[in-house]
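Student: Kindly generate the corresponding structure for this input.
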Amino acid sequence: MFENLSEKLSLTLKKLRGHGRLSEKNIQDALQEVRLALLEADVHYRVVKKFIEDIRQKATGQEVLESLTPGQQVVKIVHEELSRLMGGARQELNLIGRTPFSIMLVGLQGSGKTTTAGKLALHLRKHGRNPFLVPADIYRPAAVDQLRKLGSQIAIPTFETDRKIKPEEICQEALSKAGAAGADVLVMDTAGRLHIDDELMAELVRIKDRVHPTEILLVADAMTGQDAVNVAKIFNDLLDITGVILTKMEGDARGGAALSLKSVTNKPIKFIGVGEKLDALEPFYPDRMASRIMGMGDVMSLIERAQAEYDEKEALKLAKKLKKREFDLEDFQSQLKQMKKMGSLEQILSMLPGLGQLKQLKNLKPDEKEVTRVDAIINSMTWEEKRNYKIINGSRRKRIASGSGTSVQDVNRLLKSFAQTKKMMENMTGKGLSNLSSLFQ
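Tutor: The predicted structure is shown next:
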């Protein structure tokens, strides 16, 4: 996501930073490149026009042109405007007041609405809520069963939908029974269509009138680009949505939807789907996304992921072992597992500042299968081999390769990589690692 836009923006702004002094012509030339990059990213042309004009007015001001670092000032302005374009500040769900609250998910068929219902319910539970899933799509084959299965996987109760009654009655009955189910938030999965039609919208309006949902969230597929923006506008005009969840943000979408939605609908993006797993739903932070687009990384999101997924005891144990220079293959394996919990390696790399601009990483697509292979190789070792890799001779390597379904070359490559990692980590002072616990406080 945003890969091409990020690369072009970074190159353009790098040229500006290289100038000791800036003129209006320098800035105008740079903004023309930014304009083309945004249009190529499928950002709505009206949004691009206003965005460029807003930057031009701020960047050509006397204060910027006469500053000691005008290039850096322009970069700051672009970052601020990108953040503002996507909403400025994080918009939380409006769950204040009398319970039970109700969240109505709407959108076209194929946008990932049902899976998103499960993801959102899991997110709500992690934040102290008691969600209740409501399957209100009685038309799509297996839609009700799919949501029930998702609810079972994450141990969240699901309303027993009767397909013989109307969707608005299903939602109203679920709301009345939420208290008995111990729920304080309903997540209602409504029906979609392959395209917007009067029948679909009339049904959604009836559900809204019956239930008066706290939130009406449009689930839109980021891969559809400007189509997602057009769909959002129609749903907003008829239902007055309260926000958007953009799905498939981990894919190859150019990013136009994320950059256009707020300006076109004046409604915030509240969450983004970043993978197929049920925990792959993230709150949307416009300023952090702006930083990612500009190649500045997203360290805050990385830290929050670490806080949520990283085991504090394991972190402290690792710090102690490094101080004693006792880092072994079991520790190496443990760190790989912790990283896998935080998401794909590609996602983690995208959050680290500057990595997107490194030539040697430009075409890097970390192989998740390699992590699985390494795990299998280490699992095929004895306790002594994991603790002291130097005893692994030729015959042991053959046995480990056979036991893990890999080759001797794979084992050799792992041991070489581990030796380099061990040396690098043990050469650290240990001070930074011993402070890992501060992440959890």
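Student: thinking residue 374 is in contact with residue 335, fair?
Tutor: No: judged on C-beta atoms under 8 Å, residue 374 makes no contact with residue 335 at a distance of 10.8 Å. All C-beta spots, glycine's among them, are computed from the backbone N, C-alpha and C.
Student: Please look at residue 35 and residue 52 and confirm they touch.
Tutor: Yes: using C-beta under 8 Å, residue 35 is in contact with residue 52, at 5.1 Å.
Student: mind checking how far the residue nearest to the spatial centre of the chain is from residue 146?
Tutor: Most central in the chain under C-alpha atoms, centre = their mean is residue 274, positioned 4.0 Å from the mean C-alpha point. Distance of residue 274 to residue 146, given as C-beta to C-beta, to the nearest Å: 21 Å.
Student: how about the strands in the stretch 1-150 of the chain?
Tutor: Along the stretch 1-150 of the chain, counting by DSSP state E, counting those that start in this stretch, strands occupy 101-106, 131-135.
Student: Point out where this structure drops to low pLDDT.
Tutor: Residues of the chain that meet the criterion pLDDT under 70 lie in 1-2, 17-21, 62-69, 251-254, 295-319, 321-323, 338-368, 425-441.
Student: swap the cut-off to 80 and go again
Tutor: 1-7, 10-23, 61-74, 141, 194, 224-226, 250-256, 292-326, 334-371, 421-441 (pLDDT under 80).
Student: tell me the domain boundaries of the chain?
Tutor: According to automatic domain parsing, the chain comprises the domains 3-85, 101-296, 311-440.
Student: Output the ones you listed in a markdown table, with distance to residue 94 appended to each entry.
Tutor: Formatted as a markdown table, the domains of the chain follow (distance: least, C-beta to C-beta, whole Å):
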| stretch | distance to residue 94 |
| --- | --- |
| domain 3-85 | 22 |
| domain 101-296 | 6 |
| domain 311-440 | 28 |
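Student: wait, which of those domains is closest to residue 92?
Tutor: domain 101-296 (7.7 Å; C-beta to C-beta).
Student: Out of the strands of the stretch 1-150 of the chain, indicate the one that is most buried.
Tutor: strand 131-135 (a mean of 27; mean count of other C-beta atoms under 10 Å).
Student: pretty sure residue 240 contacts residue 213?
Tutor: No: at 10.8 Å, residue 240 does not count as touching residue 213 under the criterion of C-beta under 8 Å.
Student: More neighbours: these two, which one.
Tutor: Each of residue 240 and residue 213 has its neighbours counted (other C-beta atoms under 10 Å); residue 213 has more, 21 against 10.
Student: Quick check: beta-bridge partners of the closest residue to that one other than its chain neighbours?
Tutor: What sits nearest to residue 213 in space, not counting adjacent residues and going by C-beta to C-beta, 6 or more residues apart in numbering, is residue 104, at 4.0 Å. Beta-bridge partners recorded for residue 104 (DSSP bridges): residue 188, residue 216.
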